[in-house]
Structures are given as structure tokens and as C-alpha cells.
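Colleague: Everything below, folded, please.
(chains A and B)
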Amino acid sequence: MASIETTPLAAEAEKAERGKLSRFLEAYPPLVIFGITWIAATLIVAIFADLLAPYIYSALDLKARLAPPVFMGGTWAHPLGTDELGRDVLSRLVISIRISLLIAFASTILSATIGVLLGFLAAHFRGLVEQVVLTLIDFQASMPFMIIALAVLAFFGNTLTLFICLMGFYGWERAARIARGLTIAANEQGYAASVRDIGASPLRVYGLHVLPNIASTLIVSVTLTFPEVILLESGLSFLGLGVQPPLTSLGNMVGYGREYLQSAPWILLAPSAVIVLTTFSISMVGDWLRDRLDPTLR
Amino acid sequence: MSALLEVDSLVRHYPVRIPGGLFGQPATLRAVDGVSFAVSPGKTLGLVGESGCGKSTTAKLVLGLLPPTAGAVRFEGGHVPARRNAEWRALRQRMQMVYQDPLGALDRRLPVVAQVMEPLTVFKIGTPAERREKARDLMAAVGLTPHLFERFPHELSGGQRQRVVLARALILEPSLLVCDEPISALDVSIQAQVINLLLDLQDRFGVAFLFISHDLKVVRQVSHEVAVMYLGRIVEQGEPEKLFHEPAHPYTKALVSAIPSPWRQEGYERIVLQGDPPNPVQVPSGCAFHPRCAYATAACREVRPVLADIGDGRKAACHLLSPIASA
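Modeller: Predicted coordinates for the structure are as follows:
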């Protein structure tokens, strides 16, 4: 008797539990949870890089050159192995994450700001200002960015600040196009026009109404730009034009590890894996964030 | 009593290009072509006409949202600037607009109460707490229940959204409200509610309306005076009861005969106009209506009629009604 009574209750509780779990998973899909966790972990690593690195990233240990990582038969002295000069790969990886994230975040924010500002200017003033902005956009879009970057770095030399500013010009044209198009649409009819007709200042219209409304589209554009900046930085460092040794970055590590691809693949594997996982996480989280921030989709 | 709003031979032309030649031929689109009317304080002027006759352009010109090509708008004795300067901004407190599409006119990312109090924030009236208090009072006055105040626009029904738009327009206590097709995006049952609300608000706040619509029955119900527009000009103007009972101008006759009604007499004959409304880029010579008019004479083809008194407090622009040939 008791068993008959308890079984439906237990089943119900289990059902409720499952309902809660499935609702949670619907709001936070596993891949998104993974993405958030990964981004948080890389941020923590970037902030506490000095504490986390077991060795100084540029310290040489010529006796332990090309030591394999633990999972390839190495020792715990160098968990991820060492490179051709005996530098600890783990320590270098930790510092590389800091540098690469700094470049990617700073330049993505820079490019989004430039793009949105120019897009707003074009949509607000129209006429000549718009033509100039559109010409700039077309100019930027028609030139391979790699070539611009090569030219600038060749002429001006290379410092981290200059490199970040240069990367900040990557992808602004996409943000500018999106901002301009959506702002014109909002100004022509609808909420922005009605707020403007009330007598609100342009600052209020664009900052308080247009920006939040077009933010969802901009976030997607930014999450596209962010991984592209990481890849571009890797590409330039790979070519030897990005972050200069002894400073290290993810792309820099991949570039210099390439020569030892057959004999010591671990030099290149760890930074490559971090690049792939970070770009993937940013894309996943950005897509999810866009849906979360839209009150009409809640 | 002097008029609240006076519109004097208002003209708005747009340069356009019509097909022909390599780059097209330059031409002029006469959206509004010499419109004059006046609105008294607390009264309603209904503006009717088919689509494309310049009703909405007139509304924008009246509010100074568009610069007129010629003519002038005077509001409360002062000139309405068409530039967005300080004077223009100050006038927003006295004249406001209600839009056709309430969902489009509201920001979907802000709760509606924040949008109703926004005009107060823009003009820095009162403290934030006072603004919110006033917004809540006014939203209650337009018939919104308190649990709707913090909702987002997409969570409200069409009628509720239009009430929000009305509350936002009224919160600065304007003396003129320009309603551009305020009910044509709503269901018929909601339309009646919003019309009653408009009449009620006029009684309570003494606000004047410029009511633009293509729905003749609604205009007849809300207006103290009606102006019928055709191709950027007013063709007939008068009190709604007289105008709709005995339309004088042939175009008004055709419009009135198109109103669906369950109480038609035996001899009723619907006047069906021939052809499409003419292109405002190529306005016919003389009376703009003559190609579609059953009574057109030779004079109609050559001489443009002016809006003249036809007695009984009514005006019409037709040679058949005021035969004194006027250029």
C-alpha cells in the first residue's frame, strides 16, 4: 500500500525535478555554460597571470630543451613541456593569454566605438557627412586589412599600443554600416522619430533609445570581430609582425612553434587549442546574449 | 475668439525625377499645394481625403517637422519655425503628435511608464518622483490599469498602446494635438473606445485636435469642422453634419456616397469615380478634379477654382457652385 502511494509521489517529484532541469538547460544551454566558464577562466588567468605562471615566461633552461608535456611522457616540472630554448610552455601560455585578450578586448571595443559613432554621424547628418563616411567604409572594406596592417607596422615600427590601435581599425566598417542602416530606419519612422518629435536632444535619442535597440545586432557584429581580431593578431604574429619577442602572444607562440611541428608539437598545440576554444566561446555566448537582452524574446 | 492654429496658403513641393532621358526628367511633386485653415482652441478640425492627397504632409508642416516650400503656420500668435532650434523645442510643450502605428512609435526596450514620463524628463520638469507620479496619474486618466504601467509595449494590446501614446502626448498639457490616422491601425471595437477617449480628453483638458483620417464616419463623429482634401488642396470645408448631409463639391459627393450605411433610401446611387487619383507630379490643369468629375465644363479644364464661400458657413472650390470666374 505504502509503495503504491509513494511511487506516484516520487515520480511526480522526479518529473518536477526534470522540468526544472530542462527549463534551466533551456535558459542556459550546456554549450553556453561551457562558453561562459571558459571566458571567465581565461579572464582569471589573464588577470592573475603573474601568480599562475610557475616560471618567468622568458627564463631559459637549456638543459631541459624540448621537454615533452606530462601526457606525452614528460615530468611535472614542466606540465606542458618546454620549447626549443627550454622556456616553460605553461608559463608562456598564461602570459600569452593575457596579451592576446588585452589586444582583442581593447581593439574590439575601439572598433565598435569608432563604427557606432561614425554610423550615428552618417545617419544623423546625412548628405555630405554620410557620403564621406560611406566612402571611408568602402575604402576600408575594399582593402585587405592584412596589407594595411603590414604597411603600417613596416612604416611605424611596432609597439603594443600602436598594435592595439591598429587592430582597433579592424571591423569598424561593419559596425558603422549596421549602426547607420538601423539608425536611418529608426529615424524615418517609429520610436526614434517620435522621441525626436517630442523635442529630445540627439544625444538622448541616440544614447537612450537607438543604441539599446540596435545593441543586439551590434553585439553579434562584435562577437564576430573579437575572434577575428584574435586570429588576425595570431596571423600577424605568425608572420613575425605582431607581438615582438621576448613578449609573447598566442599567435606568436604558434608562429615560432611551427618549426618544431614534427619533433615537438606541444609548443604549438596548447596555444592553438586556446585560440579555438576562446573564439568559439565568444561566438556562442554572444549569440545567446543577443537573445537574452531582447525583452520581446523573453 | 482668435484661432489657436492658423495655416496660411501652405505649400510643400518635392523635386523628383520622372522616367525619360538618361537620368530622368526633373519634375515637381506637389504634395501640399496651397492649404489654408484655422483651428480654434478646444475644437477639432477633421482633415479627410484619399491616400496620397497630402494629409500627413500637412500634419508634419503644421508641427514644423518639415520646412514648407511657401506659406506660413501661426500657432498661439507666433510663427512655427521649421528648424529644430530652441524655439522649436519650446513649442513641443504646446503641440504634440499622435501617430498611426502605436507599436512603431514606442520604444520596445523601455517599460511604458518610462516612455510616458519621457517628455517631462526632456524638458526637465519636476523631480523624477513627481514625473513618475504624474505619468501614473495620466495613464490612469487614459484608462490604463496600474498593473500595465511597468509592461513593455509588445505586452500590451493595440488599444492600450494607443492610450500610452496619447498619455505621452498629453503629459506636457499641450493645447494642440495633431492626430495622424490615430485609429486606422486598430480593430473596429477598439476604434470606438479610442474615439470616445479622445472626445473625453478634449472635454477634460480643453485640447484642440487636428484630426487626420480617411474614415469619414469617424471624422464626422469627432470634428467640429471638416476639410476635404484632394491632391494637396482643400476642395470643401464646413460643419460635418451639413457637409455630409448635403455635400456640395462633386468630389465630396462621391466620397459621401461611398460611406457604407444600413439605412439607404430607395433612390440611392453610389457615385463611382472613374480612373485613378491623378499623379501629384502631373496635376491636371484647371480644377485638379476635372478628369474624374461628371459635371466638368470647359472652364474646369482651364481655370483653377478657389476656395470660396457658398453660404451656410461653408466653403468649396468648384466653378459650378461659385460661378464667378476666378483665376
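Colleague: Not counting sequence-adjacent ones, nearest residue to the residue in the stretch 101-250 of chain A that chain B sits nearest to?
Modeller: Nearest residue of the stretch 101-250 of chain A to chain B (CB to the nearest CB) works out as A:Gly199 at 3.5 Å. C-beta here means a position set from N, CA and C on the backbone, and glycine is covered the same way. Counting by CB to CB, 6 or more residues apart in numbering or on different chains, A:Gly199 lies nearest to B:Arg92, which is 3.5 Å off, once chain neighbours are set aside.
Colleague: contacting residues around that neighbour?
Modeller: The contact partners of B:Arg92, by CB atoms under 8 Å, 6 or more residues apart in numbering or on different chains, come to A:Asp197, A:Ile198, A:Gly199, B:Pro119, B:Phe123, B:Leu172.
Colleague: Could you pull up the contacting residues of the last one?
Modeller: By CB under 8 Å, 6+ apart, the contact list for B:Leu172 reads B:Arg92, B:Gln93, B:Arg94, B:Gln96, B:Pro119, B:Leu120, B:Phe123, B:Ile125.
Colleague: So which of these belong to strands?
Modeller: Using DSSP state E, the members of the contacts of B:Leu172 that fall in strands are B:Gln96.
Colleague: Out of the contacts of B:Leu172, which sit inside helices?
Modeller: B:Pro119, B:Leu120 (DSSP state H).
Colleague: Residues of chain A that sit close to chain B?
Modeller: A:189-191, A:193-195, A:197-201, A:204, A:209, A:212-213, A:295-296 (CB under 8 Å from any CB of the partner chain).
Colleague: from these, which would you call buried?
Modeller: Neighbour counting with 16 or more other CB atoms under 10 Å in any protein chain shown marks A:190-191, A:193-195, A:197-200, A:204, A:209, A:213, A:295 as buried within these.
Colleague: what's the most distant pair in those?
Modeller: A:Gly199 and A:Pro295 (25.9 Å; CB to CB).
Colleague: quick one, what contacts the closest residue to B:Leu65 other than its chain neighbours?
Modeller: Nearest residue to B:Leu65, sequence neighbours excluded (CB to CB, 6+ apart): A:Asp197, at 6.2 Å. Neighbouring residues of A:Asp197 by CB under 8 Å, 6+ apart: B:Leu63, B:Leu65, B:Arg92, B:Gln96, B:Met97.
Colleague: how much space between A:Asp197 and A:Gly181?
Modeller: Distance from A:Asp197 to A:Gly181, counting by CB to CB, to the nearest Å: 22 Å.
Colleague: In the chain, which residue is most central in space?
Modeller: No chain was given, so I picked chain A. Most central in chain A under CA atoms, centre = their mean is A:Phe226, positioned 3.4 Å from the mean C-alpha point.
Colleague: was after chain B, sorry
Modeller: Most central in chain B (CA atoms, centre = their mean) works out to B:Ile212, at 2.5 Å.
Colleague: Who are the contact partners of B:Gly46?
Modeller: Taking CB under 8 Å, 6+ apart, one finds B:Phe211, B:Ile212, B:Ser213, B:Val219, B:Arg220, B:Val222, B:Ser223, B:Glu225, B:Val226, B:Ala227, B:Pro240 in contact with B:Gly46.
Colleague: Same question for B:Ile190.
Modeller: Listed by CB under 8 Å, 6+ apart, the contact set of B:Ile190 reads B:Ser157, B:Gly158, B:Gly159, B:Gln162, B:Ile183.
Colleague: which among those gets closest to chain A?
Modeller: Using CB to the nearest CB, the contacts of B:Ile190 come closest to chain A at B:Gln162, 12.7 Å.
Colleague: neighbours of that closest one, just the number please.
Modeller: By other CB atoms under 10 Å in any protein chain shown, 30 other residues sit near B:Gln162.
Colleague: And what about it, helix, strand or coil?
Modeller: The assignment at B:Gln162 comes out as helix when based on DSSP: H, G, I helix; E, B strand; the rest coil.
Colleague: ok, and the closest non-adjacent residue to it?
Modeller: Among residues not flanking B:Gln162 along the chain, B:Pro102 sits closest, at 4.5 Å (CB to CB, 6+ apart).
Colleague: Now rank the contacts of B:Gly46 by neighbours and give me the top one.
Modeller: Scoring those on neighbours with other CB under 10 Å, the highest-scoring entry is B:Phe211 at 29 neighbours.
Colleague: how much space between that residue and B:Met229?
Modeller: Counting by CB to CB, the separation of B:Phe211 from B:Met229 is 13 Å.
Colleague: so what sits against both of those two?
Modeller: Residues touching both B:Phe211 and B:Met229 (CB under 8 Å, 6+ apart) are B:Leu47.
Colleague: Show me where chain A has its strands.
Modeller: In chain A, no segments count as strands under DSSP E.
Colleague: now the helices for it?
Modeller: Under DSSP H, chain A gives helices at A:2-27, A:30-47, A:49-52, A:89-125, A:127-142, A:145-156, A:160-167, A:172-188, A:191-198, A:202-204, A:211-238, A:250-257, A:266-293.
Colleague: I am finished for the moment; much appreciated.
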